[in-house]
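Visitor: Dropping a prediction and its sequence here:
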Amino acid sequence: MTDKQDFVDIRHAQKSYGNLEVLKDISLKVKRGQIVAIIGPSGSGKSTLLRAINDLDPLTKGEIWLDGVQVNKKLPHRQYEKHINEMRQQIGMVFQHFNLFPHMTARDNVAMAPKMLKGLSKEEADKLAEEQLDKVGMLERIDYYPSQLSGGQKQRVAIARALAMHPKLMLFDEATSALDPELVDEVNQVMKKLAEEDMTMIIVTHEMDFAASVCDRVLFMDQGVVVEEGPPEVLFKNPTKARTREFLGKHLGANK
Ligand SMILES: Nc1ncnc2c1ncn2[C@@H]1O[C@H](COP(=O)(O)OP(=O)(O)OP(=O)(O)O)[C@@H](O)[C@H]1O
């Protein structure tokens with residue numbers, strides 16, 4: 001239906017909270033299979049933009065399209081609910097805090113949405129949960145509860161849960177920032193594996209090394225605008241804008 005250019009198409013996204021304009025006319029296209037990192041200082045609007053993609057944080061103005069369908073369509077309430085539920089099934093989201101259900105095992109956390117939303121039988125959903133937990137290296141802990149798992153393990157379960165819906169797009173909002181440093185890599189490895197499998201991903205991150213090694217494009221946001229963007233090997237070496245240089249000067253240095 002769409003060409004590869006506009007698998008994700010954000011058109012003139014604008015968002016205000018009262019008088020505070022958090023996103024100022026952002027347009028962004030992401031091709032199928034592309035991996036885009038969004039970097040920038042605290043408060044620049046990164047999370048707001050990511051949460052606007054599945055309409056968790058609705059835009060004030062602008063359009064979000066995924067694979068030829070407008071996500072934030074204006075519809076009467078009931079129709080909107082049905083539409084957005086269908087769209088959100090196609091958009092996996094992984095947050096900084098894992099948001100797993102504490103009273104459910106890893107298996108049940110992963111199996112729940114496919115059972116509830118896709119009508120899979122318990123057997124089918126359990127099999128799917130096994131496959132997805134295997135993919136993130138968590139099969140041996142399938143019957144553990146979140147409280148029995150490390151942060152990195154919980155985050156891998158959260159990724160498996162998102163993948164179980166077979167999303168077209170994965171959004172990661174600082175998925176590793178709440179983790180102890182020694183647990184970051186196990187989650188990054190899972191994200192790298194998804195990248196190799198051509199999953200389309202938009203990743204808000206503070207980890208420049210990870211962005212450089214995995215992402216096709218990096219967007220630098222500041223004060224609600226995309227200041228500059230490019231492939232990491234270009235942007236990180238030769239930022240053209242002073243704000244980008246200043247930010248990268250601090251953050252690339254901090255990683256070394
Ligand atoms: N619900 C809200 N009501 C009012 N202001 C908000 C709300 N959510 C976010 N903001 C403001 O919007 C701005 C952008 O926030 P956002 O969380 O998108 O930034 P960010 O770049 O993701 O920051 P960080 O790196 O610290 O997570 C900030 O000034 C924030 O205070």
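Guide: Good, I have the coordinates. These figures come from a predicted structure and were not determined experimentally.
Visitor: Tell me which residues touch residue 174, please.
Guide: The neighbours of residue 174, taking C-beta atoms under 8 Å, 6 or more residues apart in numbering as the test, are 47, 95, 96, 204, 205, 206. (Glycine included, C-beta is placed from N, CA and C.)
Visitor: and of those residues, the nearest to residue 139?
Guide: Residue 139 has its nearest neighbour among these in residue 95, at 23.3 Å by C-beta to C-beta.
Visitor: how many neighbours does residue 106 have?
Guide: Residues lying near residue 106 (other C-beta atoms under 10 Å) number 29.
Visitor: excluding its backbone neighbours, what's nearest it?
Guide: For residue 106, ignoring the flanking residues on the chain, the nearest one in space by C-beta to C-beta, 6 or more residues apart in numbering is residue 157 at 4.7 Å.
Visitor: what's that neighbour in contact with, if anything?
Guide: 98, 100, 106, 109, 110, 133, 136, 138, 146, 149.
Visitor: That one sits in which helix or strand?
Guide: Using DSSP states H and E, residue 157 sits in helix 151-163.
Visitor: Which is the succeeding secondary structure element to that helix?
Guide: Next along the chain from helix 151-163, counting by DSSP H and E, comes strand 169-173.
Visitor: residues making contact with that following strand?
Guide: 7-8, 46-47, 50-51, 53-54, 66, 90-96, 162-163, 191, 194, 199-205.
Visitor: residue furthest from the geometric center of this protein?
Guide: residue 123 (28.7 Å; C-alpha atoms, centre = their mean).
Visitor: Can you check what pLDDT the model gives it?
Guide: Looking at residue 123, its pLDDT reads 96.
Visitor: Send me the helix or strand containing residue 47 as CSV with only the CA atoms.
Guide: Assigned by DSSP H and E, residue 47 belongs to helix 46-53. Written as CSV, here are the backbone C-alpha positions of helix 46-53 (Å, rounded to 0.1, in the frame of the first residue of the first chain):
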residue,chain,number,x,y,z
LYS,A,46,11.6,12.8,22.9
SER,A,47,9.2,10.8,25.0
THR,A,48,6.3,13.0,24.0
LEU,A,49,7.0,12.4,20.4
LEU,A,50,7.3,8.6,20.9
ARG,A,51,4.1,8.5,22.9
ALA,A,52,2.3,10.5,20.2
ILE,A,53,3.1,7.7,17.7
